[in-house]
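Q: Return a 3D structure for these sequence lines:
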Amino acid sequence: MEQCNILCLYTDLLDLYGDIANIVLIKKRLEQMNIKVNIIQKSIEDDIDYKDIKLVYIGPGKMKNLEVASLHFIKFKEKTIQAIENDVNFLVIGNARLLFGKEFTLVGGQKSAGIGLFDYTAQDTDKVFISDNVSCVYNNTDYKCYGFINRTAHIDNIQDIQPLFRLMCGAGDGIEESEYEGNYYKNYMGTWQLGPIMVKNPMFLRGFLSRLYPDAEQNFDDSLEKKAIELTLDEFSQATFKTIK
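A: Numbering: from 1, shown residues only. Presented below is the predicted three-dimensional model:
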């Protein structure tokens, strides 16, 4: 039986909304696909080694906790970028995305360095951005996704990144209205959207699992999840949707 090693970083600091359920469900689905899953948890006291890791997960947290995590994560800048450039998949949720930009600034003005995989910077504010998001995966308009955004920070200088989602309604990455949300690069996926997004969106999860194991049969029943997202999307007026071309 093939084994999938999943590295979860900073779950003691960055699990503000319980989005670790993304990994709980990914583990369940992979095991239903006859793939053994080994969960490895690392935090600021630990060395980070991506050897034999299939998937890395980092979730959202309070900005002060993200600052603590950044001081540790920056030590592994080169190893992390190399892992993403090669064959290690990253799923990054909420403000954990700020760890992968150049830097982020807290409300008090203090700055924390990111690993610089992307050129963007970010700014925390004393304002809360809350939004229901309906979107489609940027390069696939066949189905809609739902997520919830609750954040105090925004990302700047995002014009040169590959978007993950194209919005039909809801908030994007920046402080102003945007057509896009999230970013995608090689083996990296990052999004502000909570939910947890993999639990809320069964077709998005199937696509993600196909990236991990393109030849594995997805022999599990997610009919209830598909019904749930259908009912969720029915709550939103079609009149509020932006046209996706």
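
Q: Which stretches in this protein count as helices?
A: 21-32, 63-73, 77-85, 197-200, 202-212, 223-234 (DSSP state H).

Q: The ones you listed: which one's closest to Val107?
A: Set against Val107 and scored by C-beta to C-beta, the helices of the chain come closest in helix 63-73, at 7.6 Å. Just so you know, the C-beta spots here come from the backbone N, C-alpha and C atoms, and that holds for glycine as well.

Q: what about the spatially closest residue to Ile6 that is not a sequence neighbour, neighbour count?
A: Leaving aside its chain neighbours, Ile6 sits nearest to Leu55 (4.7 Å; criterion: C-beta to C-beta, 6 or more residues apart in numbering). By other C-beta atoms under 10 Å, the residues close to Leu55 number 23.

Q: Output the below-cut-off pLDDT ranges for the chain.
A: Scanning the chain for pLDDT under 70 picks out the ranges 175-177, 237-245.

Q: my guess is Leu212 meets Cys4, correct?
A: Yes - counting by C-beta atoms under 8 Å, Cys4 is a contact partner of Leu212 at 7.1 Å.

Q: Name the residues contacting each of the two.
A: 30, 54-55 (C-beta atoms under 8 Å, 6 or more residues apart in numbering).

Q: From Cys169, how far off is Lys77?
A: 36 Å (C-beta to C-beta, to the nearest Å).

Q: Same question for Glu181.
A: 11 Å.

Q: Identify the contacts common to these two.
A: With C-beta under 8 Å, 6+ apart, Glu181 and Cys169 have common neighbours Asn133.

Q: Have a look at those two and say which one is more surrounded.
A: Neighbours per residue (other C-beta under 10 Å) separate Glu181 from Cys169, with Glu181 holding more: 28 against 16.

Q: Tell me where the chain has strands.
A: Along the chain, the segments classed as strands by DSSP state E run 3-9, 36-42, 55-58, 89-93, 103-105, 111-113, 121-137, 145-156, 163-169, 180-185, 188-191.

Q: how far is the fifth one from where the chain is centred?
A: Just to be clear, that refers to strand 103-105. 18 Å (C-alpha atoms, centre = their mean, to the nearest Å).

Q: Kindly report the same for stretch 68-76.
A: For stretch 68-76, the distance to the chain centre is 18 Å (C-alpha atoms, centre = their mean).

Q: Pull out the buried positions in it.
A: Buried residues in stretch 68-76, counted by 16 or more other C-beta atoms under 10 Å: 68-70, 72-73, 76.

Q: any chance of these in CSV, with distance to Ile149 too?
A: Formatted as CSV, the buried residues of stretch 68-76 follow (distance: C-beta to C-beta, whole Å):
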residue, distance to Ile149
Val68, 23
Ala69, 20
Ser70, 21
His72, 26
Phe73, 23
Phe76, 28
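
Q: For Ile23, state which of those residues is nearest.
A: Checking those one by one against Ile23 (C-beta to C-beta), the nearest turns out to be Ala69, at 17.0 Å.

Q: my guess is that closest one contacts Asp12, does it?
A: No - with contact defined as C-beta under 8 Å, Ala69 does not count as touching Asp12 (9.7 Å).

Q: picking that back up, Ile48: which of the shared contacts of Leu212 and Cys4 is nearest?
A: Nearest to Ile48 among the shared contacts of Leu212 and Cys4, with distances taken as C-beta to C-beta, is Leu55, at 13.9 Å.
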